[in-house]
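> Generate a structure from the sequence data that follows.
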Amino acid sequence: MTKAAYFKRYWQLYALLLLPILYFLIFRYGPMYGVQIAFKDFNLFQGISGSEWIGFDAFREVFAMRDFYTTLKNTFMLNFLDLLVSFPAPIILAIMLFEIRSAWFKKISQTILYIPHFISWVIIGGIVYQLFGNQSGMVNGVLISMGLDPIPFLTEKNSWLITYLFTGVWQSAGWGTILYLAALTGVNKELFEAAEVDGATRLRKIWHITLPSIKPTIVTLLILNLGKMVSIGFDRPYIIGNTAVREYSDVLSTFVYRIGLESGQYTLATVVGLFQAVVGLVFILGSNYISKKVTGDGIL
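Next up is the predicted model:
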């Protein structure tokens, strides 16, 4: 079959690709035009094309800023701890849900676990402050009524860090199970039956059948998460953070917000954004290369 005949026969499939391709062209590739702001003394009234070229002067200015390295360190720290705490959570949840035999209980559990993903971080931030506030928080209210000292969940650095991490697990773990459950549905049931005949316990079946079956999915998502080590969402650290824990909560996204929108230094903000993109690309390519060498699995 010639290419023309193939296209004529399956033109509907190509038509379906138009929307995602247009999306990427407009919202992913189109904004790349603005990257040149990082190399210009951007003036809002002159526009991008009318602003004066300054080369790498803005990069030198950003790399000389102490706040940049502080926020870079915090970004790495929070993302790394998130990877340690949040990444295994959906894997464990997916395996637990997969092992449940009661269909109605599994559906109810999945619904309860998925709901937090659809709640805005603004609302989650309100819930966190209502629960863990120093004086007005429900948890500390109970502790005080029992004669115990309140715990500074949101005003002490280490306590805030634990609150930040486990809030992230609560919000994202349920939604993350979807991919793993999809991968588990493709596992050959005969493998479990054969293992049961051989006398394998449930834990043995999980270790030798379930986990190896979802290994490619785990590796793929791990590589994608490693590629985001320099990038971090704005909502979560900004809403849950405060001046008392700024030493931990100030990250690159909040730094860009301060120097870009609050201070109007758009060139410096673009430099930081470009830095995140380039380093993220290096991380994802590097982790993919190491994964191929060590495990034989990769995404590129």
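> ok, which stretches of the stretch 151-300 of the chain are helices?
Here the stretch 151-300 of the chain has its helices, by DSSP state H, counting those that start in this stretch, at 157-184, 189-197, 202-205, 211-213, 215-226, 235-240, 246-249, 252-257, 266-294.
> Please convert those to JSON lines, extending it with distance to Pro90, mean pLDDT and mean neighbour count.
No exception for glycine: its C-beta is placed from N, CA and C like everyone else's. Converted to JSON lines, these look like this (distance: least, CB to CB, whole Å; pLDDT from 0 to 100; neighbours: other CB atoms under 10 Å):
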{"stretch": "helix 157-184", "distance to Pro90": "3", "mean pLDDT": "90", "mean neighbour count": "18"}
{"stretch": "helix 189-197", "distance to Pro90": "21", "mean pLDDT": "81", "mean neighbour count": "12"}
{"stretch": "helix 202-205", "distance to Pro90": "19", "mean pLDDT": "84", "mean neighbour count": "13"}
{"stretch": "helix 211-213", "distance to Pro90": "14", "mean pLDDT": "87", "mean neighbour count": "13"}
{"stretch": "helix 215-226", "distance to Pro90": "9", "mean pLDDT": "85", "mean neighbour count": "17"}
{"stretch": "helix 235-240", "distance to Pro90": "17", "mean pLDDT": "91", "mean neighbour count": "20"}
{"stretch": "helix 246-249", "distance to Pro90": "25", "mean pLDDT": "90", "mean neighbour count": "17"}
{"stretch": "helix 252-257", "distance to Pro90": "23", "mean pLDDT": "92", "mean neighbour count": "20"}
{"stretch": "helix 266-294", "distance to Pro90": "19", "mean pLDDT": "85", "mean neighbour count": "17"}
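> Reformat the ones you listed as JSON lines; add distance to His117.
Below are the helices of the stretch 151-300 of the chain laid out as JSON lines (distance: least, CB to CB, whole Å):
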{"stretch": "helix 157-184", "distance to His117": "4"}
{"stretch": "helix 189-197", "distance to His117": "29"}
{"stretch": "helix 202-205", "distance to His117": "28"}
{"stretch": "helix 211-213", "distance to His117": "24"}
{"stretch": "helix 215-226", "distance to His117": "16"}
{"stretch": "helix 235-240", "distance to His117": "13"}
{"stretch": "helix 246-249", "distance to His117": "22"}
{"stretch": "helix 252-257", "distance to His117": "20"}
{"stretch": "helix 266-294", "distance to His117": "23"}
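> among those, which is nearest Phe45?
helix 266-294 (12.2 Å; CB to CB).
> how big is the angle separating the closest one from helix 215-226?
Per axes from the mean of the first three to the mean of the last three CA atoms, to 10 degrees, the angle that helix 266-294 makes with helix 215-226 is 150 degrees.
> quick one, strands of the stretch 1-150 of the chain?
40-43, 51-53 (DSSP state E, counting those that start in this stretch).
> Nearest approach to Phe153 belongs to which of the ones you listed?
Comparing the strands of the stretch 1-150 of the chain by CB to CB, strand 40-43 comes nearest, at 40.7 Å.
> What average pLDDT does the closest one get?
For strand 40-43, mean pLDDT is 90.
> got the buried residues for that strand?
Lys40, Phe42 (16 or more other CB atoms under 10 Å).
> Summarise which helices and strands that strand is packed against.
Packing partners of strand 40-43 (3 or more CB pairs under 8 Å, 6 or more residues apart in numbering; DSSP states H and E): helix 47-50, strand 51-53, helix 266-294.
> Just put these in a markdown table and tack on distance to Thr155.
Formatted as a markdown table, these follow (distance: least, CB to CB, whole Å):
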| stretch | distance to Thr155 |
| --- | --- |
| helix 47-50 | 42 |
| strand 51-53 | 43 |
| helix 266-294 | 28 |
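> So for Thr2, which of those sits nearest?
Once the helices and strands packed on strand 40-43 are compared by CB to CB, helix 266-294 is nearest, at 35.5 Å.
> Please name every helix or strand in contact with the closest one.
strand 40-43, helix 57-63, helix 215-226, helix 252-257.
> What helices and strands are in contact with the third one?
With contacts defined as 3+ CB pairs under 8 Å, 6+ apart, the secondary structure elements packing on helix 215-226 are helix 157-184, helix 266-294.
> mind checking how far Tyr6 is from Leu13?
Look at Tyr6 and Leu13: by CB to CB, to the nearest Å, they are 10 Å apart.
> one step back: among the helices of the stretch 151-300 of the chain, which is nearest Phe39?
Closest of the helices of the stretch 151-300 of the chain to Phe39 is helix 266-294, at 8.4 Å (criterion: CB to CB).
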